[in-house]
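Asker: return atomic coordinates for the entry below.
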Amino acid sequence: MLNLEKKKNEDRLKLLKIQRNTDVLRAVISTSTKAPVNQFQDLTIGNSGADIVVTTLISPYCPKCADVIRIMVDLLNRHPRRILWNIRLDGILEPQLSPINKHQYDLYSKLKETRDLDNQLSLILKWNKSKPNKDVMTQSFYWNEYQLHISNNQLFSTNKVPTIWLDDKELSSLIELETLNTILFKKDFGVLSL
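Answerer: Take a look at the predicted model:
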């Protein structure tokens, strides 16, 4: 059992080394699906003038989304002026206030009410650690905007969470999330020139 775990860790390290090769990363990203991310930035954290836009589709019901949130918060803490994080929240379109949307809507409305980066990052970390509450929602000020946000998710041509886009290119699920820092900030990679 111990040897199996050791082999698994060695394989993961090899995969990360391959992914950090700029030629491999460039080849994977250049064949990625494009999405209209710049048209739908209604929920953003970071510098609106940043040269890098990272868009994520996340859900409170997805365990891997917690890793995406942790990594994005870490990147924004280290590079606050270089990144704009465009958050897409997964949900369902319902004419009434569906309990399945409550957790996402709570975050949506709180992030809409603050523009302070530290406060926004704190809110999303707290949201990420809390359990989704499926109590019935009451109508609120941002409900129509949230419904538009959810309906615009259909234009991103994906049905999996998490999904990550760099600028408008979807990252392959083969790329480990820890590789994001390499992709974004390795001098010879130049993600914006792909």
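Asker: name the element the closest residue to residue 47 other than its chain neighbours belongs to?
Answerer: Once flanking residues are discounted, residue 47 sits nearest to residue 81: 5.0 Å by CB to CB, 6 or more residues apart in numbering. From N, CA and C alone the C-beta is placed, and that goes for glycine too. Secondary structure assignment for residue 81, by DSSP states H and E: no helix or strand.
Asker: for residue 81, give me the pLDDT.
Answerer: Residue 81 is assigned a pLDDT of 89 by the prediction.
Asker: my read: it touches residue 52, true?
Answerer: No. Using CB atoms under 8 Å, residue 81 makes no contact with residue 52, being 10.3 Å away.
Asker: can you tell me how far the residue nearest to residue 47 sits from residue 41?
Answerer: Going from residue 81 to residue 41 by CB to CB, to the nearest Å gives 17 Å.
Asker: helices along this protein, start to end?
Answerer: All helices of the chain, identified by DSSP state H, fall at 2-19, 22-30, 63-78, 102-112, 117-129, 143-152, 180-185.
Asker: and the angle for the fourth one with helix 117-129?
Answerer: Computed by axes from the mean of the first three to the mean of the last three CA atoms, to 10 degrees, the angle separating helix 102-112 from helix 117-129 equals 180 degrees.
Asker: next, the angle from helix 102-112 to helix 143-152.
Answerer: Counting by the same axes, to 10 degrees, helix 102-112 lies at 110 degrees to helix 143-152.
Asker: and helix 102-112, average pLDDT?
Answerer: Averaging pLDDT along helix 102-112 yields 89.
Asker: again with stretch 124-135
Answerer: 81.
Asker: what do you get for stretch 171-185?
Answerer: 66.
Asker: quick one: low-confidence ranges for the protein?
Answerer: 1-4, 6-39, 95-97, 133-139, 172-179, 181-194 (pLDDT under 70).
Asker: go again using 50 as the cut-off
Answerer: Scanning the chain for pLDDT under 50 picks out the ranges 187-194.
Asker: neighbours of the residue nearest to residue 47, how many?
Answerer: 11 (other CB atoms under 10 Å).
Asker: what about it, distance to residue 56?
Answerer: Taken as CB to CB, the span from residue 81 to residue 56 is 19 Å.
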